[in-house]
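Engineer: sequence and computational prediction follow.
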Amino acid sequence: MSLLETLRKDMILATKEKNVLKMDILKMAIATIKNEQIAKEDELTDEDVEKILRKEVKKIEDSIEQFGKMGRDDLLEKEQKQLESLQEYLPELMSEEDLQKIVKGKISELGANSMSDMGRVMGVVMKEVSGKADGNLVKEIVQKCLQ
């Protein structure tokens, strides 16, 4: 069963269970995936769906941060539950230690030794860890290693 089919099945289940928060976030995610499918004019792979879900998770995390700053605990709680619902469908991200090993390996492989090589290193590392690591964390690690 593909990830999209799993999302649809769980959305129907959430509807039957009257779990409105989970149902809403899954409907939104499915709609976003469908729009991306239409734009691409092709079926999406599970990897494509994961990327879309990661973008949605990022949006929710940004909302949580903003609601926290504004002191809106009511909205904060709702967003956190939705975030938990979406994260169920995503694989665990790589640890910082594993990323450091990969980055250091790629730096020595490329012979990179200064910040001017950052673009090359980032490109190679992101290709390898695509969907398995947060891009901002990769960027931080690459910057630390190249300084």
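Structural biologist: Yep, that arrived.

Engineer: show me the strands in this structure, by range?
Structural biologist: For the chain, strands defined by DSSP state E do not occur.

Engineer: look up how far Asp98 lies from the spatially most central residue of it.
Structural biologist: Among the residues of the chain, the one closest to the centroid is Arg54, at 2.3 Å (C-alpha atoms, centre = their mean). Arg54 sits 18 Å away from Asp98, going by C-beta to C-beta, to the nearest Å. Where you see a C-beta, it was placed from the backbone N, CA and C, and this is true even at glycine.

Engineer: quick one: contacts of stretch 81-97?
Structural biologist: Contact with stretch 81-97 is made by 3, 6-7, 21-22, 24-26, 29, 50, 53-54, 56-57, 60-61, 64, 102, 129, 131-134, 137, 141, as judged by C-beta atoms under 8 Å, 6 or more residues apart in numbering.

Engineer: that stretch: which residues count as buried?
Structural biologist: Residues 82-83, 85-86, 89, 94 are the ones in stretch 81-97 that count as buried (16 or more other C-beta atoms under 10 Å).

Engineer: try stretch 131-143
Structural biologist: Neighbour counts over stretch 131-143 (16+ other C-beta under 10 Å) mark 133, 137-138, 141-142 as buried.
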